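[1] What would the 3D arrangement of this be:
(2 chains)
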Amino acid sequence: DSGVTQTPKHLITATGQRVTLRCSPRSGDLSVYWYQQSLDQGLQFLIQYYNGEERAKGNILERFSAQQFPDLHSELNLSSLELGDSALYFCASSSTNSPLHFGNGTRLTVT
Amino acid sequence: EDQVTQSPEALRLQEGESSSLNCSYTVSGLRGLFWYRQDPGKGPEFLFTLYSAGEEKEKERLKATLTKKESFLHITAPKPEDSATYLCAVQPFVSGGSYIPTFGRGTSLIVHP
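    Presented below is the predicted three-dimensional model:
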């Protein structure tokens, strides 16, 4: 068990809808990362937060946004969903000089 | 741009048949190289961090090594429970401290009994 908790495990929704994915990092970790994993792209970095502030952005679409709250949990919001957004979304957390530890992901299916 | 290439994409071994997985990388400055194991439907599980050429790390049947351009994950006498996808990632030195790892696409390993 990595200590990173993601909810929900599965999400099925229709095109055009909006969903929120939630992540609780390991105790003591200030950094939260979001990655998207699809069969043809591998693990793609979306965004990083550190202690409530955005630290780095990757290939995150404008339809996607995230935030990290004072209790350090994070949410990834996906809106105007398209079929191509179907993927596994992983959250990871880390502390200074430590590797990333991943949750078990949220599988999003857009129909 | 940081790049990570893993080979082979897929590998089938018989139980006890040792082999190696390759991770070739290009990065402006390497802060660390990570190996992860990922089981179907699960998140990547951390295995090793390597920091400098010549470094080696071992865990049970796995040994990771690092050169200036590639890393190898050696699997000695594998068992069926070693079946998984193995991911390699490089973490660059970046001013400002946002050390974002770039992942390879992984090697899918199947070990037959």
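[2] Going by C-alpha atoms from here, please, whenever you check contacts or count neighbours.
    Noted.
[3] Flag every residue of chain B that's near chain A.
    With C-alpha under 8 Å from any C-alpha of the partner chain as the criterion, chain B meets chain A at residues B:34, B:41-46, B:49, B:98, B:100, B:102-106.
[4] what about 7 Å?
    By the rule C-alpha under 7 Å from any C-alpha of the partner chain, the part of chain B lying against chain A is B:42-46, B:98, B:103, B:105.
[5] spatially speaking, which residue is in the middle of chain A?
    For chain A, the residue nearest the mean C-alpha position is A:Trp34 (3.5 Å; C-alpha atoms, centre = their mean).
[6] Is that one in contact with A:Ile47, as I believe?
    Yes - if you go by C-alpha atoms under 7 Å, A:Trp34 and A:Ile47 touch, sitting 5.5 Å apart.
[7] which residues in the chain form strands?
    Looking at chain A here, since you left the chain open. A:5-7, A:10-13, A:19-24, A:31-38, A:42-50, A:53-57, A:64-68, A:74-78, A:87-94, A:101-102, A:106-110 (DSSP state E).
[8] ah, no, chain B please
    B:3-7, B:10-14, B:19-26, B:30-38, B:45-50, B:56-59, B:62-66, B:70-75, B:84-92, B:102-103, B:107-112.
[9] Check the burial of the nearest residue to B:Gly41 once chain neighbours are set aside by counting its neighbours.
    Using C-alpha to C-alpha, 6 or more residues apart in numbering or on different chains and skipping residues adjacent in sequence, the residue nearest B:Gly41 is A:Asn104, 7.3 Å away. Using other C-alpha atoms under 10 Å in any protein chain shown, A:Asn104 has 24 neighbouring residues.
[10] Isn't A:Asn104 up against B:Asp39?
    No - taking contacts as C-alpha under 7 Å, A:Asn104 lies outside contact range of B:Asp39: 9.9 Å.
[11] show me the contacts for the residue of chain B found nearest chain A.
    Of all residues in chain B, B:Gly43 sits closest to chain A, at 4.2 Å by C-alpha to the nearest C-alpha. When contacts are counted by C-alpha atoms under 7 Å, 6 or more residues apart in numbering or on different chains, B:Gly43 touches A:102-105.
[12] go on, B:Cys23?
    B:4-7, B:70-72, B:88.
[13] Compare those and tell me which has the most neighbours.
    Neighbour max across the contacts of B:Cys23 (other C-alpha under 10 Å) = B:Cys88, 30 neighbours.
[14] Now it: closest residue in space, sequence neighbours ignored.
    The shortest distance from B:Cys88 to any non-neighbouring residue, by C-alpha to C-alpha, 6+ apart, is to B:Trp35 (4.7 Å).
[15] What is the neighbour count of the one you found?
    24.
[16] Let me see the contact set for it.
    Counted by C-alpha under 7 Å, 6+ apart, B:Trp35 has contacts B:46-49, B:87-89.
[17] ok, now with 10 Å
    Going by C-alpha atoms under 10 Å, 6 or more residues apart in numbering or on different chains, B:Trp35 touches A:99, B:23, B:44-50, B:64, B:71-73, B:86-90, B:103, B:106.
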